[in-house]
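Colleague: Dropping the sequence and predicted coords here.
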Amino acid sequence: MEDFLTTASQFINTTSSHIFLTGKAGTGKTTFLRNLSKLTHKSHIVVAPTGIAALNAGGVTIHSQFLLPPVTFLPDRFLPEDFNENGRVINQNTLARKHPLNSARKQVLRSIDLLVIDEVSMLRADLLDAIDYRMKAARGNFRQSFGGAQVLFIGDLYQLPPVVKNEEKNILNKYYKSVWFYEAKALQEDALVYIELNKIFRQHDDTFISILNNLRNNETTYENIETLNQHYKSEEEIRKLTEVITLTTHNYKADELNQRELKNLKTESHFFDAQLEGDFPESMYPIQLSLEIKVGAQIMFVRNDNEGKMYFNGKLATVTEVSGDTIWVALAESQTR
């Protein structure tokens, strides 16, 4: 991993090419991003399509950084009148006129050498073209894509795709072959340098890794299915399990499950309120604003222990004691507190 970090950062430091860094989950994309500031001399900012993605990447949302309204952007200087109905569609002229960048954001865009876009699977082609226009206008350079700044795209195209509403599809189809970011007009003359990470560091079980890769590529085998079926549990068996994570399709289902399990605990409730600093919109909260904790409750860490290495993002634990502002937990699969 260290060799890769060094090689990739050297490529960024010595070229101006746009780069697409991709790889399966657990291959080190986030590690690379978090180490980038130590490995590159280039001034850079990090943005992402959603609030949670931006928070995880240590950056801000694309719409916030570039002051982009939540509408469809079309790479056309002249639009038919019906496209501008109710302001749902804009182009570079209407963007500049109705949503101008303030001086502080302009100065940021002028000062950077590198723009990093994380979770790029969710990035729409029209949004990338809007970013391209903002960069060109702010930097006063319309000859080069993104005003001459280098762009590092990070993400896995097998993950969440771009979201396109039904009423937007017909409009976007007139300009783009698809809504994926790589179809943006800004990239048609500047080919991406493709870097793929292929070694999974987050998992060490070769059988599990093989199943994950086959599922990812829609190439599951009979042996894969048989292995998965060996771990099947009935609902009654599941209720008796401890130190497990339940995956659901929607946040509200997870909230309902968490509240039900908390209610079943007969221990006292303790509430911890978040402390907010600066401009921190609710859409970017990593957890609930008010956190209810009980002794016996299962919790999950959402940060890494970079010093002691005792826990990591996603590690499970059980609350054993609550005293004032201090919470004691027993880490899953260990007796460590």
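Modeller: Structure's in. What do you need?

Colleague: doesn't residue 246 make contact with residue 257?
Modeller: Yes - between residue 257 and residue 246 there is a contact under C-beta atoms under 8 Å: 6.0 Å. Using the backbone N, CA and C atoms, a C-beta is placed for each residue, glycine as well.

Colleague: What ranges does the stretch 101-250 of the chain have for its helices?
Modeller: For the stretch 101-250 of the chain, helices defined by DSSP state H, counting those that start in this stretch occupy the ranges 103-111, 125-139, 166-173, 206-216, 222-229, 235-239.

Colleague: of those helices, which approaches residue 61 most closely?
Modeller: Residue 61 lies closest to helix 125-139 among the helices of the stretch 101-250 of the chain, at 11.0 Å (C-beta to C-beta).

Colleague: quick one: contacts of the closest one?
Modeller: With C-beta atoms under 8 Å, 6 or more residues apart in numbering as the contact definition, helix 125-139 has outside contacts at 49, 62, 66-68, 72-75, 92, 95-96, 101, 105-106, 109-110, 115, 117, 142, 144-149, 162, 172, 175-176, 178-187.

Colleague: Just the ones of those residues in strands?
Modeller: Among those, the members found in strands (DSSP state E) are 72-73, 115, 117.

Colleague: Max pairwise distance over those residues: which two?
Modeller: Using C-beta to C-beta, these reach their maximum pairwise distance at 72 and 115, which is 21.7 Å.

Colleague: which of the contacts of helix 125-139 count as buried?
Modeller: Taking 16 or more other C-beta atoms under 10 Å as the criterion, what is buried in the contacts of helix 125-139 is 49, 62, 66, 68, 72-75, 92, 95, 101, 105-106, 109, 115, 117, 144-147, 149, 162, 172, 175-176, 179-187.

Colleague: So, low pLDDT: which residues of the stretch 101-250 of the chain?
Modeller: 199-204 (pLDDT under 70).

Colleague: Please give me every residue in contact with residue 117.
Modeller: Shown in contact with residue 117 (C-beta under 8 Å, 6+ apart): 46-48, 62, 123, 128, 131, 151-155.

Colleague: If we use 6 Å, what do you get?
Modeller: Taking C-beta atoms under 6 Å, 6 or more residues apart in numbering, we find residue 117 in contact with 47, 153.

Colleague: What of the one 4 residues further on?
Modeller: By C-beta under 6 Å, 6+ apart, the contact set of residue 121 is 155-157, 159-160.

Colleague: Can you say which of the residues you listed are buried?
Modeller: Buried members of those, counted by 16+ other C-beta under 10 Å: 155-156.

Colleague: per-residue pLDDT, residue 336?
Modeller: Looking at residue 336, its pLDDT stands at 49.

Colleague: make that residue 51, sorry
Modeller: Turning to residue 51, the model gives it a pLDDT of 75.

Colleague: and the gap between it and residue 101?
Modeller: Distance from residue 51 to residue 101, counting by C-beta to C-beta, to the nearest Å: 20 Å.

Colleague: swap in residue 138?
Modeller: Following C-beta to C-beta, the distance that separates residue 138 from residue 101 is 6 Å.

Colleague: With residue 210 instead?
Modeller: Distance from residue 210 to residue 101, counting by C-beta to C-beta: 49 Å.

Colleague: burial count for the residue lying closest to residue 109 once chain neighbours are set aside?
Modeller: Nearest residue to residue 109 in three dimensions, chain neighbours excluded: residue 138, at 4.0 Å (C-beta to C-beta, 6 or more residues apart in numbering). When counting by other C-beta atoms under 10 Å, one arrives at 20 neighbours for residue 138.

Colleague: surely residue 289 meets residue 272?
Modeller: No - between residue 289 and residue 272 there is no contact under C-beta atoms under 6 Å: 10.1 Å.

Colleague: Of these two, which one has the most company?
Modeller: residue 272 (14 against 9).

Colleague: The more buried one: what's it in contact with?
Modeller: Contacts for residue 272 were tallied using C-beta under 6 Å, 6+ apart; they are residue 291.

Colleague: And it, its phi and psi?
Modeller: Main-chain torsions, residue 272, degrees, to the nearest 10: phi -120, psi 120.

Colleague: bridging residues for it?
Modeller: For residue 272, the beta-bridge partners under DSSP bridges are residue 291.

Colleague: Next one: it from residue 296, what distance?
Modeller: 16 Å.

Colleague: repeat for residue 260
Modeller: 14 Å.

Colleague: higher neighbour count, these two?
Modeller: Neighbours per residue, other C-beta under 10 Å: of residue 260 and residue 296, the larger number sits with residue 296, 14 against 9.

Colleague: Would you mind measuring from the residue nearest to the more buried one when sequence neighbours are not counted to residue 95?
Modeller: Ranked by C-beta to C-beta, 6+ apart and with sequence neighbours excluded, the top spatial neighbour of residue 296 is residue 265, at 5.0 Å. Residue 265 sits 52 Å away from residue 95 when distances are taken as C-beta to C-beta.

Colleague: same thing with residue 8?
Modeller: In terms of C-beta to C-beta, residue 8 sits 33 Å off from residue 95.
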